[in-house]
Every structure is written in C-alpha cells, then in structure tokens.
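J.: Just need the structure, nothing else, for what follows:
(chains A and B)
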Amino acid sequence: MPDVVGTRRRLRWTWAVAILAPAIALAVAVLSLHAYARHPATDASSTTEAAMTAAAFALPDTGVPEDVVLRQQLERAIDLRRREDFDRMLDARDPGELIEHATLTDVSFDHHDFAVDTLFVVGDELFGYPFRPENGWGRGGADRKAIGYTPELQRVHQGLAGGPDAFGCFSCHSKGGPDGAGTQTQNAFMRGDGERTGSADQRNAPHVLGLGAVALVAAEMSADLHAEATAASERAKAEGHRIEQPLTAKRVSFGRIVADPDGTRHYAELQGVDPDLTIRPFGWKGHQATLREMVEESLHLHQGLLTNRIQLAVRDGTLDGAPYGTGKWDDLDGDGVSLEIDEGMLTTVVAYLAQLEVPVIRPPRDPSLLDAFAAGRASFDAIGCAGCHVPTLELNDPKLDARAPQPRGANRPAFIVNVAKDGDGPKVEPRYGGSTTTYLVHLFSDLKRHDMGDGLASPAPQGRIPARMFLTRPLWGLAETAPYLHDGRAPTVHDAIVLHGGEASPARDAYLALDESGRTGVRVFLMSLSRQPKLFVP
Amino acid sequence: MTPAALLLAVCLVVAGCKAPAEKDAVAWRADCPSLERPAPLSVEAARDAYRSAERRHALRFREAAAPGSFIREMHAALDAEQIAAGRVCLADVADLGELLFAHEYGLADGLGHGPSAKAPTGPFRRVHQGAFGGPETISCPSCHWIGGPNGAGAETDDAFLEGDGDRVRSGDGRNAPALVALGVVQALAREMSRDLQKQRTELARAAADAGTAQEIHVRTKGVDFGVLRATAKGEIDPSGLDGIDQDLVVKPFGWKGTRPTIADFASEALQLHMGVQSDELLAHGSFDLLGSGSDRTDPDDDGVRNELGRGPFTAMIVHLALLELPTIEPLIQDRDFGPAAHALLPPTTTSFVDDFQRGRTQFHTLGCAGCHVPMMVLTDPVVGVEGVPRIDLSRTMQRPGLTYDPAVGGYPVWLFSDLKRHDMGPANEARHVQNGVARTAYLTPRLWGMADSAPYLHDGRAPSIDYAIAGHDGEAAAARAAFAALPQDEQGTLRVYLMSLRRTRRLVVP
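T.: I've put the predicted structure just below:
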C-alpha cells in the first residue's frame, strides 16, 4: 500500500457550491442589469480616459468564495503540495521511490479493496510524473549506463512508433489548470518521418476533464446502436425480407443499416461511426473507445512506455509488434526495461481520470455581455452549431469499471468509479425523475464523426478514418484551451469557426451572415464554456 | 575675467550639473498605495488569486466580444510619457504588465506575419525559419508555466531556433527557463559590466601612462573573465578574455548569454515566438529579425501597425523586473506564510536536514560551485528599465525580495551562476553560432528555483537531476565524473541539496 493512503479527505460537497456559484452569479448579474437599466446615464465626459481604463482592469471582488470555502480549498491545496514536495524530495534522495509507491499492480486489485480516493491521489502523482529511461521511457539504442548518457527526445513521430516527445502526461495537459489542454507549442507531430514537421499530422492536446462521463455515454450509445442493429437482423430473419433500420443513439442519428434475412448487414449508409457500431469518443478523429485504450496508446506514442498487455499480445501473436520495436516480447523497445507499465498502473490512471471534474458554464457578469451571452446561446442553436455540438447527452449509469475488460469466464473484482459522485467536483448534473436518476453531460458534442472538408483534412487517413473526418470536438471547457482545432491552427474562436468546412459549412456561413453583434454573442457564449475556479499551489 | 564671462561660466556649470541631477530626480509619484502584498498562502492571498482569475475571465469575454480590444485598452491605459515621468504608480504598471504577459495574442493583435496570418493552415511555424523565428505560440505563459506563473517550459515547449522552418534538427532546441528575479539579475550583470569596464579604462590609462604594454586578469564579484591586455599606447587587446564578449558587457539572458537586459530579451522573444513586433524591436531590431516588408512600420507585413507600443511593452518589462527571488530551504528561508500554511515546511527543514547539509558540502567538493557560484553580492539594488524612473528593487520587488546584509556590505543574491560562458563540450554542441557565441559555449544557468523547473539543460532533454549532471561535458566533464564516482548514498545528498533550490509556494486560481 502506498503511504499516501488516507492522507486526505476529499471535499465532495464543494462541487455543490461550485455548481451553485454560477447560478447565483447569473442571478446577481441579472439583478444588476435591471439596476443598470434604471440608471444608464454614465457621465462619460466627466470621466477621464485613464480612470475608465483603470476601472476596466480593476480587480473585482465578485466571485471570491466565502471564507469557509476559501479556507477549505486553501487547506486542500496546501496539503496536495506538501505531499508532492515530500514525494519529490524522497525520489530525489532515492530515485525510484516515487514510481514504486505509485505502482499498484493488477494483482493487488484482485486482493485489495482500494478506496477511490487512494487511486485519485496515486493517479494524480502518475499524471504529473516525468518518466525517465530507468522507468522504461523511450526505446533502446544508446548505452543507458554510460556516464554521459542523456535521453533523446523525438519531437516528430516516426510513423506508428511515435516519439517519445514528452516525459509526462502533464507536459501537454496543463493549460488552464491541472489536467488541462496543450498549448500550441505542445502539439504532437504524429505519423511523421521522424524529422520534418511538415511530414506529420499535428494534434493539439485537449483537456482531459469529464472523460469518465464521456466514456460511459459513448458506451451506452454503442449499446443502443448494437441493440437496434440486432433487432433489425432478428426482424429481417423473422419477417423474411430486407429491413432498413435507421440507427439513433441518445437522439443522435447515425444513418441506417440494411439487414438481410440471412443475417447479412449492409453498412453503406452508416454515418459517423465504424461498422462495428462502437462509438469512439477519444482522439480528434474518434479512434479510441475507452479511457484505457487512450491512456495505453498515449503512453506508448509520447513516452515510449509499453504496457504488459501489449507485450503479451505481441507474444501471443494477436498484435502486430512493429510499432513497438523489434526486441523480444518482454522488451520490445529494447531499452533494457521489461516491466514498464503494469496493468494496475493503467487502472490507476483511468480511475484518476474518471474522477476528474467536469467543466461548467460561467456566464459573464458584465450586464451588457450577459445579454450577448444569452443571445449567443440562442444563436448557437439557431445557426446550426448545436446540430453537431449537441449541448447535452444524457447518461443513465454513472458507474465505470476502471479495470481491463475481463477475459471470458474470469471472475475478478471490478474497480468501480462513480463519475457522478467520486473525486473532484463539479460533477455531471443529476436529473431526478421519479424512481430513476439520470445525469446530464453538457459536453457539446454528438460523439459522431463528420466530414470537415478539404481545408481541415489530415495529410492522410488515420487507420480506417478518412482524412476529412473528425469527431465533433466536445466544446466544454473551451475558454481555457486556446488555440483551437485539431492542430491548434486557430488562435481564437472566431478563427476556429471560420475554418469549419465540409458538413459544418452551412453553420459557418450562417455565423458569418450574422451582424457584428450576432457574431459577438456567439463568441461570448463560447467563452462561458469554462472550468470551475479553484485554488492551487503550483 | 569679465563679469559676463563669469556669468557664462556659472551658467554652464549650473546647466551642466543640473541636467543630470534633474534626470536623476525623476521619481515615482509618492501618493501610491503600498506595494505590500498579502503573505503567500494566506486567506487574503487566496482572495487575490480569485480576483485575478475573475478578472481574466472577464477580460476573455471582452476580448471575444471585441477582438483586439485588450491591446487597444492597454495602449490607452499605459501612456509611455506618463510612465517615464513617474506620474503613475509602479504597482499599477506592474499589474497591467502581468496581464500583458499573460495575454493570448490573436491575428487582430498582430500575431504572426503576413503570409502566415493569411494561410488556411494557420499562422504557426513550429521550427523557426532563420533569424525571423516562428511564430509557434500565442502567449508567454505558453512556454513559461512549470512551477507556477512565469515559470519554465516543458520539453514539449522547446523552441527550435534558426532552423529551416521544417526540420527539427535544423534548429537549435531551447527550453524556456523560469523567469525569476530578472530585475535582480539585470542589476547584478550591470554592476559586473561596469566594474569590468572600469578595469579596462584603468588598464589603458596605466599602460599609456607607463608607456609599456600591460595585462591584467579582469575579475568582478569573484569571477575571473580572463586576460585583458593593453599596448604601450593604451590600445586594448581583448583576445585573452574568457566567457564574455569583447565589449565586456555581462549578458545574463538567454542560454548562451546573448542579451544584457530584460527588454532586449523580451522584445526578441515576442517577435520570435509570437510574431508580435514591439516599438522597442522596431527601433533596434535587425532586418533579419523584423522581416522584409516594404512598410517599415509593419515589417512583418501582417497589416497591423503599433503591435505593442512603448507603454504596454514597458509595463511588461516592469512586471518581469519585479519577479521574486527563489529560496533555498533552510538556508534562505521564506517563512512569511499565513497561519494556514505552517504545515508546508519544506522537506529539507524536516526529514532531510542532514542530507541537505552533506549535499551542500558535496556541491563544493565536486566542483559544481566553480561555475554555479552560489552567491553574489549586489551593491546597488536599483535596476534601470528604459522608459521608467529608477526602480529600487529592495523596496518594490515581489517577496521574497532583496535583504541587506551588513556582513557582506550589500544584498546577497543566491543565484548559483557566475554569469559567464563556458565550453560545455561536444555533447552540447549547437547547430548554429548564435550572436557570435561559439557552438559549445553556454552561460552558466542559474540553478535557483530548479526544484520547480524540470526538465533541465538548454534543450530540456534531462527529466531529472541525474540526467542534467550527465549532460555536462567540456569544462564541466570533471565535475560530472566526480559525481558519477560518488557512492549512491552521497549522490542522493547532492540531489536533496539541489531540490532545496525552489520557488516560494504561492496560490493561484488557474
């Protein structure tokens, strides 16, 4: 057991405050709007320009939490920092200590009943840990024991083998706060020739908040699609004729399939999802279905760290070993480290990510901007943004198993994270409906792939996914994640909208057809998609 | 002497004396609110952090509503003449400077340059194209964030200088250092430069007076910068100098030690990384750096003029000049904590006290301290920033700040550098000669705050202290070998000592 267990009670109720705060802010702002309307006469002539601009940059007292909340946040932030300071010092004293403490093996999940809090703390540590060659970072080649050996970063990826281009997860996920997005400089240069930035398919790292809810919503959607397809096949068989079945999940249409009486299915008219009817909500093109897959892939591509599963799959011939190296299965990347990422570490990181907060909507407090915000919210629907950036998907079951899918017949204990309850707030919004409670995930995406036109197309298809196809990017938390689009080419939201093409062209044209105040509204609304302010000691 | 001539002489003397005296007398207005900031980690500091976050949130909305408005408002709020005359408050200037530092530039602000700003693939260029640069990002914090605001860059943030615009290895990888105590560094380097130049003047005079060739070792603040020779006629021969340019100006900024002031460095960085052309740069920058546009008020040809005027630029420099000193726990302590924070005693004051002491000894024994000179004494705590009255850092910089120590007759600055260039060997050979600096020569980086600024080395290739030491070559190869020869346990103590070099903990709301 790591010695960090139980060092911290997570303050679950603070997220309730966090959700209420914007609502109260909105109310206050509306009230002040009325007050403002009654006294609109600001005597501009009597005010000097300097005083006006000084006021424009004044530090507002609005938004500062009550002392009791402040003190609790302060205590928590300091506690986090103290733990991290100590662990880092310990690791400096005796290198390896930290990673050893942060390794909960897969086997230990069979025998121990870890608290979700524990996994949050340990996962947080892993997320912020700069991996080193002795942890299996990178791949072989150089003599790592030589006195002058230093790691070599590979900024542009070499085909599917990846970099490594980073030491840790946080290296590209810190903008706007912990677990945030990547800056423009942090773009990954994927599937390149190992040298020319122009050869690569660039990707800007999105923030990683709320991913547990996204994974679960996607899984429920996949299940819906499978159920519809199965029902169509059964009906075709029973009725003895071809059935054309529209597919819909969470009110998002995925085209249709055709089922023949002999059990054959035709997928030609399927839209925005793979023929296996699995929604893949992760990656800019939507190529990974689960958090576990996403984390495993990222560790390989960006840090050159291989999981136990990859090693075993290559050994058993169920996975092509080429992207991982040419070594023997127990050290494919030839770096002399055999055990790089235990499956239990993946479980820990997944459990951590599933416990992160969800972004929130924080309207402006300035009365005139609040009007623009309200108008912009309406325009967002009216001009067609919401057609793909679906504001809300409803989640039925908030329980996520952080462990790997079980082999058939195995009966291992699950590790359940309740994404509506566990970990950092704010959480997905509950909707109470009699005997059942569902959860509103305000992610602003339909989790479906769309044709984004030639302008945004990748240099090449990504696996089976065509160059022009991208998953609708969830917009929640957008305000802190500039620059925008899959390669961060758009410095502002205006640029991002203008660069939409393909299926999004009509919405883009509708935005451009708005008058200046109409466009302002849309931009102001988008900037309200933000994250809850919190204290940190960096 | 006639009365008229006498009068003229008196007038000349008065005028001659008065002009500089008046210039010196320009001061900051006296009726400003105190620069006192709440104790770090106090509830009041927490409130301030929230206020800042709230203001950033509001500014984002305003900028979204009217792109370009932030920079326009900054130009209105920060009048260069008012600032130069000291008719504004230093705290206000620094506050707005901090906002400017954090600003995310858009195309309306002049981000990028002509062709790129119009390109459908966006304005960015990850690998620099020659001396002109990228741009590769939209803001300063993009690469200055590790360890908190104004911090360091991750390995992923490396800039690739002077490349071909495409191939990573055509450029020189540079990892962004943390921006701590820049004003103190500039002041210290200035004192060193003046001292060295004075020695040069005296040498030339002595040689000329004696009518014989002479040579001396030029030294300042305990650092030897090699041999300076003068001919019998008093002509200076700087060819024997070591680790410094022939102009005898200590340039403490940039991995290669190429810039003497914060303003020099910042104006160049704004252009290289964001394509933002300050008036400062337009006044001094080279043709290569600025771009070849035919309109010399918009040499980067993006259609935006006055991208960053004197007022806002100066405010940003003031913000950077006032940044805090790092600490060494428990040697240089920062115990100005709020009561809530007493739990946050640094580990080197608790469980690792012995390791700290042994490591400190090792730092000297191994030879690290030969270049990473732990402490220098700053005599005059005043920093000169162009366009503002003189800034007395001892009274104005963020805490922890300078403290006068009568035992050393000045202000101790624990920077862990000699501010001198050294040959770091083939392992660190750059691709390009930068500003005339040899490909293997680097300025000794300041180690202060290093616990909060990993990864290390000029290209960020070292994820931990061990690899940072391993990357030392050339003049530092002996110290590296000495470290490698230590038993594991002793190596651990050195790392503990280095991890005691850190930045003061403070609260932020991201």
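J.: What residue, apart from its backbone neighbours, is nearest residue 502 spatially?
T.: Just so you know, I chose chain A. Take A:Gly502 and drop its neighbours on the chain: the residue closest to it by C-beta to C-beta, 6 or more residues apart in numbering or on different chains is A:Gly453, 3.3 Å away. To be clear about C-beta, it is placed using only N, CA and C from the backbone, and glycine gets the same treatment.
J.: The chain in question should be chain B.
T.: B:Arg502 sits nearest to B:Ala451 (C-beta to C-beta, 6+ apart), 3.9 Å away.
J.: Please name the residues that touch that neighbour.
T.: A:88, B:498-503 (C-beta atoms under 8 Å, 6 or more residues apart in numbering or on different chains).
J.: Could you rerun that using 10 Å?
T.: Residues in contact with B:Ala451 (C-beta atoms under 10 Å, 6 or more residues apart in numbering or on different chains) are A:85, A:88-89, A:92, B:147, B:326-329, B:346-348, B:465, B:498-503.
J.: So in chain A, which helix runs the longest?
T.: helix A:211-239 (DSSP state H).
J.: How far away from the center of its chain is the very next helix or strand once past it?
T.: Note on helix A:211-239: by DSSP states H and E, the next helix or strand toward the C-terminus is strand A:243-249. Counting by C-alpha atoms, centre = their mean, to the nearest Å, strand A:243-249 is centred 29 Å from the centre of its parent chain.
J.: Stretch B:320-329 now?
T.: Worked out by C-alpha atoms, centre = their mean, stretch B:320-329 lies 11 Å from the chain centre.
J.: now the end-to-end length of it.
T.: By C-alpha to C-alpha, to the nearest Å, the extent of stretch B:320-329 from end to end equals 24 Å.
J.: what's the burial count for residue 329?
T.: Defaulting to chain A. Summarising burial for A:Trp329: neighbours were counted as other C-beta atoms under 10 Å in any protein chain shown, giving 16.
J.: meant chain B actually
T.: B:Glu329, neighbours per other C-beta under 10 Å, totals 23.
J.: what comes up buried for stretch B:395-408?
T.: By neighbour count on 16 or more other C-beta atoms under 10 Å in any protein chain shown, the buried set for stretch B:395-408 is B:396-402.
J.: In chain A, which residue sits nearest chain B?
T.: A:Arg489 (2.7 Å; C-beta to the nearest C-beta).
J.: And the residue nearest to the spatial centre of chain A, what's its pLDDT?
T.: The centre of chain A sits closest to A:Val208, judged by C-alpha atoms, centre = their mean, with a distance of 3.2 Å. pLDDT recorded at A:Val208 is 98.
J.: residues contacting it?
T.: A:Val208 touches A:127, A:169, A:172-173, A:178-181, A:214, A:282, A:291, A:294-295, A:298, A:352-353, A:356, A:477, counting by C-beta under 10 Å, 6+ apart.
J.: Narrow the residues you listed to those in strands?
T.: The strands, defined by DSSP state E, take in nothing from the contacts of A:Val208.
J.: among those, which are in reach of chain B?
T.: Among those, the ones lying near chain B by C-beta under 10 Å from any C-beta of the partner chain are A:172, A:178, A:180.
J.: ok, now how distant is B:Glu307 from B:Ala108?
T.: In this view, B:Glu307 and B:Ala108 are 10 Å apart by C-beta to C-beta, to the nearest Å.
J.: Spit out the residues that contact these two alike.
T.: B:Ile71.
J.: Per-residue confidence at the residue nearest to B:Arg502, what does it come out as?
T.: If you check B:Ala451, the pLDDT there is 95.
J.: Tell me if it really is in a helix.
T.: Yes - B:Ala451 sits within a helix when classified using DSSP: H, G, I helix; E, B strand; the rest coil.
J.: Starting from B:Ser464, give me the distance back to it.
T.: On the measure of C-beta to C-beta, B:Ala451 and B:Ser464 end up 11 Å apart.
J.: Name the nearest residue to the closest residue to chain A within the stretch 101-250 of chain B, ignoring sequence neighbours.
T.: Closest residue of the stretch 101-250 of chain B to chain A, C-beta to the nearest C-beta: B:Gly122 (2.7 Å). Nearest non-adjacent residue to B:Gly122, counting by C-beta to C-beta, 6+ apart: A:Arg489, 2.7 Å away.
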